[in-house]
Each structure stands twice: as C-alpha cells, then as structure tokens.
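1. build me a model from this:
(2 chains)
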Protein chains: 2
Amino acid sequence: MSARRPVIAFAMTDSVRERVFPEALMREYEAVADVAGSLTEFDSAQARAILADVEVLVTGWGAPRLDAALLDAAPRLEAVLHAAGTVKPHLSPEVLERGVRVSSAAAANAVPVAEYAVAMIVLAGKRVLPIARRYSGLQDDFDVEASFPGMGNYGQRIGIVGASKIGRIVIDMLGSYAFEVVVHDPYLTDAEAAELGVTAVALDELLRTSDVVSVHAPSLPSTQNLIDARGIGLMPTGTTLVNTARGEIIDQDALTRRVVAGELFAILDVTVPWILEADHPLYTSENALLTPHIAGSLGAELRRLSAAMLDELRRIVRGELLAHEIEPDLLAITA
Amino acid sequence: MSARRPVIAFAMTDSVRERVFPEALMREYEAVADVAGSLTEFDSAQARAILADVEVLVTGWGAPRLDAALLDAAPRLEAVLHAAGTVKPHLSPEVLERGVRVSSAAAANAVPVAEYAVAMIVLAGKRVLPIARRYSGLQDDFDVEASFPGMGNYGQRIGIVGASKIGRIVIDMLGSYAFEVVVHDPYLTDAEAAELGVTAVALDELLRTSDVVSVHAPSLPSTQNLIDARGIGLMPTGTTLVNTARGEIIDQDALTRRVVAGELFAILDVTVPWILEADHPLYTSENALLTPHIAGSLGAELRRLSAAMLDELRRIVRGELLAHEIEPDLLAITA
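-> Down below sits the predicted model:
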C-alpha cells in the first residue's frame, strides 16, 4: 500500500452516500486519502477504471456485493471499510480468504440500538407508557403504585437475551443503574459473564424471573423462534419484552395473544413481517409500543458510521491494526 | 450519643412507613440501633415518652413538622434522617440552629428523576413517541427521516436548566452519550461547568440552540415562570421540552399553544395544577406525553430512600460525618 495516502473509492447508493457522508466528513476522508471516485456498481468501464487503482473501498448500504469478480477488478484492494451494520450479506468468503481486511461500523451502529433499548428498559420499569395512556384517558389522578404493582427501577431483574455487540453495550450501560442483570447466550461462559458483571442463566430461568426481557440475539437459523410460545408462556404477568433485534427470534403470535390480553407489555421495533399487516392488533394494543425499525442508526446517527470508518482509514494510513476487523471465525455466529 | 447503638424512632404516616421501610430494611435498622417506636405525631403522651429518649429521628413523607416544640420534647435529639426528598418544608430553622444534624434522601430521590429525564431525552432524539403514533395510525411504512428532520442522537445539543442535584446526575449520565450538553444555572460558575464537562450558557441561548431542553431547576420564587412566554417562543420548531421539576417554572399556556400547534414536543411529568383540569389539550395532543408525577421515587424505588438513610445511620454509629447533611447556607437556593 502506498505508505501515506491510500487510493480509496466509495461504493454505495447515492442516497446512502448523501445521508452517511456529509460534506464535512468527505473533506476529512480527502485529507488523508486520494479519492478515486464514488461507485454505485462495479461493472461499467468507468467503475473498472477506478477499481483498478483502489486500495481501500469504503462501502455502505446498497453497495454491490463484494466477491471474486470485485477482487479481479481491484487487484490492489487491501481493505474494505463498511460504513453500515453487518457486512455479512454483502461479503463472499473469497474476500477474506484472499487477505483483504474487512472492517464494519457494526459497533458504531450498535450504539443507538443499545441506547434505545436502555431507555425503553428504564421507562418500562416506570410503567410510563401505560400510565400516560391511563392518565390521558382518565384525565384525573389515580394510584399508580396500586395500578402497576412491581413498578420502580431499583433491584429489578433485567434479562438480556444475547451477549452480542449490542447486548454487551446494553449490559455496560445498565451497570450504572440499580438493576440485577442476567444474560442468556449459548456462547457466553460463566467467566465471561462474571467479567461483564452479570450472571449467565438458562433462557427459561431468564424468562421466568426477569422484570424486563431485552432481545439482542443475532438472526441466525439457530435463533429463529428462540423465544417460542412455551417461552412466552413462562413470562410472569407484568413483564415487558423489548425487541430491537429481529422479529423472527420470538413467537410473535404467542406474544401478541398475551399482550392483547393485558398480561405482558411489548416494545417492538421489529416484527414479522417487517411492516405489520394493517389491522394487526399490536398497532393499537394498550400494552404495546410499535416503532418501524428506528432503533438503529438514523438521521444524525448515520454520521457515527462514517466517522468510525474514517477512524479505521486513519489506522490504515498510520500502519496500525484495524479496530473493528471482521474475524472470519466469528462470521457464522454473529449478525 | 450512646457510642454504639443510638436510640431511634420513626416518624411518618403508617402508609409511608409500609411503602418505604419494608420488613427486611427494618431488620437492618434494628441491627444497628435501638428502635424506641414509630410515631405519626409528636404531641400525645405516648409520643412524648418516646421522644424523651430519642437520639436519631428517621422521618419520611407526612412526618410532623420539625420545630422548636420537637426540640423541647426530644432533648437528646442529635440527628434527623429524612427518608424522602427535600426536608425543607418540614424543617424550622431552630433545628439546625440548635446543632441537630439533618440529612435527607434527596440525592437518592434524585436518581429516578434523572433516569426518567435521560430516557426521555434519548427517546426524544429518536422521535419515538410521534413516530410510534404515526405508525400506529398509518399502519404502514413511511420515511421517518424526512418526516422528522434533525432526528438522531449524535451531536445533538441538550440544554439542562438548573445544575441541581438532579440536574447534575442528568449531566453525569449524559456524559456517556454523544451529546453536547449546555447548562443554565445562575449559581454555576464557568469553572464548575468545566468541571462537570459542560458549557454554561445564558438561558436565552440555551432555549434558542438546544434540541432537547430538560428542566431541573428548584421551585423557588426566583424560578417561577423562568421559561416564560418569550423563552418558549425562542425554542426552534422540533425542540422537545422535558419537565420533571415543577410546572410553575415554565409558562404552561405558552408551551401548550406551541405544542398543540405541532411546533414543539413536550414530555411533562409536572403541570399546574398538579393534575391538569379535564379536557386540557395536553392530555390528547399528538406532541405531548403527560405523566402524573411519576418520575420521582415510586414502588421499588422507595427502598433506595430508606437504604440511603440506613447508610447515614451507620455513619452515625461509626462516628463518621453524614454524607448528605443539609448545609444551612444552601437551604435558600435548593429545593
């Protein structure tokens, strides 16, 4: 690699580039690298001409697939910096096999999701949404403690399903609250749990004993229906389930039945399908809050992704290791 | 004071004692002190007999006023531990003047309020409530970024009005987010602000430039209508105002007009009057979330208050300074 100023190109849709890479950040990329161009595809003659020189490819949502054809077109490619969440669906194994280093902004992209989950966990403990609904309906005083037994954020048990990147940020953030945090993750050892300051428990125990359950498992074949109808049935009345991960991980019909029955609270940023069919009871249930997949990076938060990959680019310029390099061995068990 | 086991009594309403001092905590008080009794008044012969011996009085909401008559009835009184928020309305100046040390759980009581405010600040940045409302109404996808320009918790400016106990906890908690925090407090020097890691600004500038304004000023004659109609008018469209302090601090009518007009968002745990009159437009405004004064300690959080005063009692037993002793000089400018 040319020691100090690598040749870079951007590859993503124009709209993603405009949203994720505002002018001020583009100037910072240009300050440390030679920008050969911005691509939306890898096949045209123009794209091929740019790829022939590229040493670092900065990608984003909507980037073309990173595969053997790209490697052939970009013989000098040494690194891919993906300014978005998981790079996995875009990435053919050949890329890593041929020694191209790949980094992603998955860690940066995890931050707003964790912040959203923690805020929802805190408000769940205070029963804010059902109390606000009742207050708005009654338009008068009522005994909130009698109406919502078990409320209050002090000593409550928070169950984290999945010690993923996001799950670990949530665990870290919850450390400054007076909660007891338990975690279920098949890949988490007791020693690792102790290091995180939490207790590893079986999923059934987590569901049976947590005041709030927050789902942070990756969507993998092994996590489909992880919290199944039986698991949903284990949750005590009054429990809140927060899902900012993937709808497929829980039995949505079983959850819906208990939420509509007034037994459970659900804060769902993800569902199956991605946008629930019109008239789905969760839209209007008193005990549910549905948001259209907004926990992840949106608006100003997109700048965190390009800033994170700029930091990676600077590490390349300085000859340092990447901070968020994808480890091939972990690809199978992460999102 | 009898060196090791002070004589203590509790003074508050029975219902407060049951809620704030569960059995397990009472056992811990009894482990370090001799409990002479539980009082709801200071006037009966029975109360007088108990007060005659009392060295430490543990008070709570609904406690009788602490005044010269109490001092006469309790000649051995050395400390009052108030397991609630501010002790000020209960406390005659004579008590401090005669050298009785007074501590309160105001710091412990500040925690849930700060947690509530921070959760609301995070969700305000994500526009969660208006997005959830629109999603529930549309029952279909929509462009959240186009609908809510400026959304996203990255680099947003959060304006804290009042570097009070609660305000300082909020500032500390916000330090782990990618926010820029500015503070208005007439008693905060630039040096103190720098120590808190924030910038002290004039109130007008705070209102004009903050994405979220969170009110943490004490209710004092000088803070009535602190954010007046002119100040409400300075806030840019799209700003969220979070008030967990006292309704009197803001011009509620001016705020209501701009919220109902769809210009501002309001998260209000406090109003004037305490419970808004029926049919007040804030109950049902799309841009408002009203809660009936639940940010403070409720439910399980009440145990934090008795635990905090138990810690103070243990300090007395060990001959240490109280951690939360009321300083007479600060009484005038704090809640």
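2. elements contacting the helix of greatest length in chain A?
-> Across chain A, the longest stretch assigned as helix under DSSP state H is helix A:106-125. The elements that helix A:106-125 packs onto, with contact taken as 3 or more C-beta pairs under 8 Å, 6 or more residues apart in numbering or on different chains; DSSP states H and E, are helix A:165-174, strand A:212-215, strand A:240-243, strand A:265-268, helix A:302-317, helix B:106-125. (Glycine included, C-beta is placed from N, CA and C.)
3. okay, the fifth one in CSV with CA atoms only?
-> Pointing back at helix A:302-317 there. Taking Å, rounded to 0.1, in the frame of the first residue of the first chain, the C-alpha atoms of helix A:302-317 are listed here in CSV:
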residue,chain,number,x,y,z
LEU,A,302,-25.5,7.9,10.4
ARG,A,303,-22.5,10.3,10.8
ARG,A,304,-21.2,8.0,13.5
LEU,A,305,-20.8,5.2,10.9
SER,A,306,-18.8,7.3,8.5
ALA,A,307,-16.8,8.8,11.4
ALA,A,308,-16.0,5.2,12.6
MET,A,309,-14.7,4.1,9.2
LEU,A,310,-12.7,7.4,8.9
ASP,A,311,-11.0,6.3,12.1
GLU,A,312,-10.3,2.9,10.5
LEU,A,313,-8.9,4.7,7.4
ARG,A,314,-6.6,6.7,9.6
ARG,A,315,-5.4,3.5,11.2
ILE,A,316,-4.5,2.1,7.8
VAL,A,317,-2.7,5.4,7.0
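4. contacts made by that helix with the rest, please.
-> A:1, A:4-6, A:8, A:19-22, A:25, A:28-29, A:32-33, A:56, A:58, A:60, A:78-79, A:81-84, A:103, A:105, A:107-109, A:111-112, A:297, A:321-324, B:152, B:154-155, B:178 (C-beta atoms under 8 Å, 6 or more residues apart in numbering or on different chains).
5. take the residues you listed and keep only those in strands.
-> Per DSSP state E, strands hold the following members of the contacts of helix A:302-317: A:8, A:56, A:58, A:79, A:81-82, A:103.
6. out of the residues you listed, who's the most crowded?
-> A:His82 (30 neighbours; other C-beta atoms under 10 Å in any protein chain shown).
7. could you list the residues of the stretch 51-200 of chain A in contact with chain B?
-> A:111-112, A:115-116, A:118-120, A:122-123, A:126-128, A:131-132, A:135-136, A:139-142, A:144-145, A:148-156, A:173, A:176-178 (C-beta under 8 Å from any C-beta of the partner chain).
8. go again with 7 Å.
-> A:112, A:115-116, A:119, A:122-123, A:126, A:128, A:131-132, A:135-136, A:139-141, A:144-145, A:150-156, A:177-178 (C-beta under 7 Å from any C-beta of the partner chain).
9. ok, now the stretch 201-335 of chain A?
-> So the stretch 201-335 of chain A meets chain B at A:275, A:278-279, A:283-284, A:289-292, A:294, A:298-301, A:303-304 (C-beta under 7 Å from any C-beta).
10. now the buried members of those.
-> A:275, A:283, A:289-292, A:294, A:298-301, A:303-304 (16 or more other C-beta atoms under 10 Å in any protein chain shown).
11. so what's A:Thr256 up against?
-> Residues in contact with A:Thr256 (C-beta atoms under 7 Å, 6 or more residues apart in numbering or on different chains) are A:281-282.
12. who does A:Thr240 bridge with?
-> Bridge pairing for A:Thr240 (DSSP bridges) gives the partners A:Val212, A:Phe265.
13. if I pick it, what's in contact with it?
-> A:Thr240 touches A:124, A:212, A:265, A:267, counting by C-beta under 7 Å, 6+ apart.
14. quick one: contacts of stretch A:182-192?
-> A:157, A:159-163, A:171, A:193, A:198-203, A:206, A:210, A:333.
15. among these, which are in strands?
-> A:157, A:159-161, A:199-200.
16. pull the most distant pair out of the residues of the stretch 201-335 of chain A next to chain B.
-> Pairwise distances among those were taken by C-beta to C-beta; the largest, 37.5 Å, belongs to A:Asp279 and A:Arg303.
17. skip the chain neighbours and tell me the closest residue to A:Phe10.
-> A:Ser38 (4.4 Å; C-beta to C-beta, 6 or more residues apart in numbering or on different chains).
18. quick one: the one you found and A:Arg17 touch, right?
-> Yes - using C-beta atoms under 7 Å, A:Ser38 makes contact with A:Arg17 at a distance of 6.2 Å.
19. out of these two, which sits in the busier spot?
-> A:Arg17 (22 against 15).
20. ok, and for whichever strand or helix holds that one, which residues are buried?
-> Using DSSP states H and E, A:Arg17 sits within helix A:14-20. For helix A:14-20, a neighbour-count test (16+ other C-beta under 10 Å) marks A:16-17, A:19-20 as buried.
21. chain B: which of the residues you listed is nearest?
-> A:Arg19 (7.5 Å; C-beta to the nearest C-beta).
22. give me the nearest residue to the closest one, chain neighbours excluded.
-> A:Leu302 (5.3 Å).
23. report how many residues lie close to the one you found.
-> The burial count for A:Leu302: 28, using other C-beta under 10 Å.
24. circling back: so which of the buried ones among the residues of the stretch 201-335 of chain A next to chain B sit within helices?
-> A:303-304.
25. look up how far B:Asn153 lies from A:Leu129.
-> A:Leu129 is 20 Å from B:Asn153, where distance means C-beta to C-beta, to the nearest Å.
26. who has more neighbours out of the two?
-> Counted by other C-beta under 10 Å, A:Leu129 and B:Asn153 do not tie: B:Asn153 has more neighbours, with 28 against 22.
27. so the more buried one sits right up against A:Ser297, yeah?
-> No - with contact defined as C-beta under 7 Å, B:Asn153 and A:Ser297 do not form a contacting pair (9.7 Å).
28. read off the pLDDT value for the one residue sitting closest to the centre of chain A.
-> Central residue of chain A (C-alpha atoms, centre = their mean): A:Ala110, 4.4 Å from the mean position. Per-residue pLDDT puts A:Ala110 at 96.
29. right, and it touches A:Ile166 too?
-> Yes - the pair A:Ala110 / A:Ile166 is scored as a contact, 4.3 Å apart, by C-beta under 7 Å.
30. spit out the residues that contact these two alike.
-> Shared contacts of A:Ala110 and A:Ile166, counting by C-beta under 7 Å, 6+ apart, come down to nothing at all.
31. overlap in contacts, A:Ser38 and A:Arg17.
-> A:Phe10.
32. quick one, what contacts whichever residue of the stretch 51-200 of chain A sits closest to chain B?
-> The minimum distance from the stretch 51-200 of chain A to chain B, using C-beta to the nearest C-beta, falls at A:Gly152 (3.1 Å). By C-beta under 7 Å, 6+ apart, the contact set of A:Gly152 is A:125, B:298-301.
33. try it again with 6 Å
-> For A:Gly152, the contact set (C-beta atoms under 6 Å, 6 or more residues apart in numbering or on different chains) comprises B:298-301.
34. please apply the same query to A:Ala105.
-> A:83, A:305, A:308-309.
35. mind picking the one among those residues that's closest to chain B?
-> A:Leu305 (9.6 Å).
36. pLDDT value on that closest one, please?
-> For A:Leu305, pLDDT reads 97.
37. what about it, how many residues nearby?
-> The number of residues near A:Leu305, taken as other C-beta under 10 Å, comes to 29.
38. now it, nearest residue through space, not along the chain?
-> A:Ala105 (4.0 Å).
39. how is chain A carved up into domains?
-> A:7-104+A:299-333, A:109-290 (automatic domain parsing).
40. okay if I get those domains as TSV plus distance to B:His184?
-> Conversion of the domains of chain A to TSV gives the following (distance: least, C-beta to C-beta, whole Å):
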stretch	distance to B:His184
domain A:7-104+A:299-333	23
domain A:109-290	24
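41. so which of these is nearest B:Asp253?
-> Of the domains of chain A, nearest to B:Asp253 by C-beta to C-beta is domain A:109-290, at 17.9 Å.
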